[in-house]
Structures are given as structure tokens and as C-alpha cells.
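Participant: kindly generate the corresponding structure for this input.
(4 chains)
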2 protein chains.
Amino acid sequence: MQGMIFEKDSSAGYLANQMARLFAAGLQRRIRPLGLSPGQFPALLALWAKEGRTQKELVQLLDIEQATLANTLARMERDSLITRRASEEDGRVQEIFLTDKARVLEKEAVGAAIAQNAEALEGFSEQEKAQFLDFMHRAVAAMQKAQSGNSR
Amino acid sequence: MQGMIFEKDSSAGYLANQMARLFAAGLQRRIRPLGLSPGQFPALLALWAKEGRTQKELVQLLDIEQATLANTLARMERDSLITRRASEEDGRVQEIFLTDKARVLEKEAVGAAIAQNAEALEGFSEQEKAQFLDFMHRAVAAMQKAQSGNSR
DNA sequence: TCCTTTTATATAGCAAGCTATATTTATTTA
DNA sequence: TAAATAAATATAGCTTGCTATATAAAAGGA
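Facilitator: The predicted model follows:
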């Protein structure tokens, strides 16, 4: 650590940020015509798989904070992608359902996400793709471990 | 594309987003005591290398939009990290300088970024680290190419 | 010179993240 | 059972990113 050379373009953190922004922009370009936005994607995937989930269940599934999800769900309700029905057993809980409008978009939206991933990984061999995903998983796991080890 | 199985955890875009957020959170944890935030990092790096740059120069260096940088610079000025001096040749232009406070933080801040990268890549061999950076560069380049090929 | 266009920066308004805190309902405990 | 605690969701307020548009100064053209 002598000459204090720190080039952003060889920093993993910088590249991760840039890559994530390009993914989001590319996905947005593809799904905006459907009336969707990138931040809604994880919630939609979970609801396409099974409706009637509660916000709490979604939070557990979707590595984002409760407050972030609450706001995203509010926007999705505003945009007529979901409806919420009060639970009968527990007055605090609401069950979340897709509207017909959202239900119908599954194929096109998932296709858009697949296409965006393909665009980013164009020129990668199957072996390289697998290795890239593995690297990302490992980096995520390492940072999650460090994070949780910190709060205790 | 039959069963429409799309697992977020094997989607490059999803992982990139998660990784970028963990990088930002980890860096923030480390540099908050210095009075810095992650979004200021690229501008700070460019100014530690050379002061007196204009906003336009920074935009060209820093893959972010002009409006994003304008807001980041406004926050940095508010936090007494930079000062701006009107150019004498051109009334539209302002030259940007670091305050003593910001100038002094270089070593610690860069050290924090290096430590965060190390945390994320713990367990990677040197060869794997290099390959990971190369993969990210390739994905970024592929998406940038697709993006620019779109607007023309 | 005056008008138009270009350039540099700022502002408006939005999405998606975050932390911290409020609110409402359920559950526990004294 | 009443008060305290816990749990589910919402809200406040912030940063960082974006697109689109406004503003002000400079440069160019008729």
C-alpha cells in the first residue's frame, strides 16, 4: 500500500455498482412497456409463484428491508399490480394478491429478465457463466457473513 | 424456456444488485466515521488525484449522469468536503477544490475501500480475483455496447 | 449587432435502497 | 384483567441513481 494507487476500474465494489446499474437500466428499458419497474421484480416473482403471501413472508424471501418492501408494495398497489386483503385471523396482517393485469405479465416479464441476463453475458461460455455466478454468490456470502458478525 | 423456472438466486442481474448493495453497506459502515458516504467516493478519488476540475470533467471521468453528480457535489459542499470557485474565463464554469478536511481523509478512506474489497473477496485466490474483475468488465462492456447501440 | 444555438450547471420529480420511529393489533405477564 | 411487550405494517427522512427540463452564459450566424 505504497503509492496509494487506487483505480476505481479495478475495484470490485466500483464494478459491482456499475454492473448493477447497467442491469437495472437494461431491464427497465425492456419492462417499462409492460408497466413494470426493476424494483418490483423480486416481489412479482414471489407472487407469481404463490399469491396470498403476507408482507412479512415476502421480506423473508426477498433480501430487502421491510421498509423498502412496504414502499415498493405501495407503488405496486398504486399501479394496480397488487391488491391486499385483511387477514381474518390477525388484524395486523394483509394478504397480497396479484391483479389480472399483473398475472398476465409473467411470461413477458420473465422473458425480459432472461434476455437482459443474456445481453450481459454475451460472449461468456457456459463454464464462464457458471463461474461468474459462483463468484458473485461467494462475494455475497462473504459480505453477509461479515455484516452479521458485526451486529452481535 | 418451458417450465418458466426463473430463480432469482441464479440470475446475474439479481446477484449484481445484491452484491452492489452489500458493497455499499460495507463501505458506508467503514467510512461513515470519517463523515463520508459511498456515493461521494468516485468524485473524491478524482479530486484527490487532481483538484480544480470542473463538473463537466468529473462527469466525463465518473460513469454517472450530470444531474446525479450535480446533486452529489451539492451534498459534498453542504458537508464541507469541497468548495467551488467561479472560473474567470467562463462564467458558466466552476472549479472544484477539496477542503483541508477532505484532503486529509485520503489515506483512511482509500484504506477503507481496499478493506471492503478484501472482505468481499476473502477466500478468492489471486487468479480468481483477476478473473472475477475480468468477468465484471466484460459484462459492463457488453451492456454498455447494447445500450449505446440502442439510442442511435 | 441581434438572434439562435450550444454549453455548463441546476432543478424537478421519480424509484429504490437504507435506518429509525410510529402505529396498530396481538400476546404475555404481573 | 390491565399493563407491558412483541409483532406487522407504515411513515419520516435520507442517499444515490435516473430522465426531463430550466437557467444562464458563451459562441456563432444572418
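
Participant: so the most centrally placed residue in chain A is in which element?
Facilitator: Using CA atoms, centre = their mean, the residue of chain A that lies closest to the mean C-alpha position is A:Pro42, 4.3 Å off. In this assignment (DSSP states H and E), A:Pro42 forms part of helix A:41-49.

Participant: also A:Ala141?
Facilitator: Assigned by DSSP H and E, A:Ala141 belongs to helix A:126-151.

Participant: A:Glu95 now?
Facilitator: Element membership of A:Glu95, judged by DSSP H and E, is strand A:94-98.

Participant: which helices and strands sit right next to that strand?
Facilitator: Counting by 3 or more CB pairs under 8 Å, 6 or more residues apart in numbering or on different chains; DSSP states H and E, the packing neighbours recorded for strand A:94-98 are helix A:41-49, strand A:53-54, helix A:55-61, strand A:82-86. Where you see a C-beta, it was placed from the backbone N, CA and C, and this is true even at glycine.

Participant: any chance of the ones you listed in CSV, plus distance to DNA strand D?
Facilitator: Listed next are the helices and strands packed on strand A:94-98 as CSV, based on distance: least, CB to the nearest atom of the strand, whole Å:
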stretch, distance to DNA strand D
helix A:41-49, 12
strand A:53-54, 4
helix A:55-61, 3
strand A:82-86, 7
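
Participant: just name the most buried of these.
Facilitator: helix A:41-49 (a mean of 20; mean count of other CB atoms under 10 Å in any protein chain shown).

Participant: what angle sits between it and strand A:82-86?
Facilitator: Counting by axes from the mean of the first three to the mean of the last three CA atoms, to 10 degrees, helix A:41-49 lies at 70 degrees to strand A:82-86.

Participant: average model confidence for helix A:41-49?
Facilitator: For helix A:41-49, mean pLDDT rounds to 97.

Participant: where does chain A have low pLDDT?
Facilitator: For chain A, the stretches flagged by pLDDT under 70 are A:1-4, A:150-152.

Participant: up against DNA strand D, what does it have?
Facilitator: Within chain A, the residues that sit near DNA strand D (CB under 7 Å from any atom of the strand) are A:17, A:21, A:25, A:54-56, A:66-67, A:70-71, A:73-74, A:84, A:90, A:92-94.

Participant: filter those down to the buried ones.
Facilitator: Neighbour-count burial (16 or more other CB atoms under 10 Å in any protein chain shown) applied to those gives A:17, A:21, A:54-55, A:73, A:84, A:94.

Participant: which one of these is nearest B:Val104?
Facilitator: Using CB to CB, A:Asn17 comes nearest to B:Val104 of those, at 25.4 Å.

Participant: how far off centre is the helix or strand where the closest one lies?
Facilitator: If you go by DSSP H and E, A:Asn17 is part of helix A:12-31. In terms of CA atoms, centre = their mean, to the nearest Å, the centre of helix A:12-31 is set 12 Å apart from its chain centre.

Participant: for stretch A:141-152, same thing?
Facilitator: With CA atoms, centre = their mean, you get 20 Å for stretch A:141-152.

Participant: just to revisit the earlier point, between the helices and strands packed on strand A:94-98, which gets nearest to B:Ala46?
Facilitator: Of all those, helix A:41-49 comes closest under CB to CB, at 32.9 Å.
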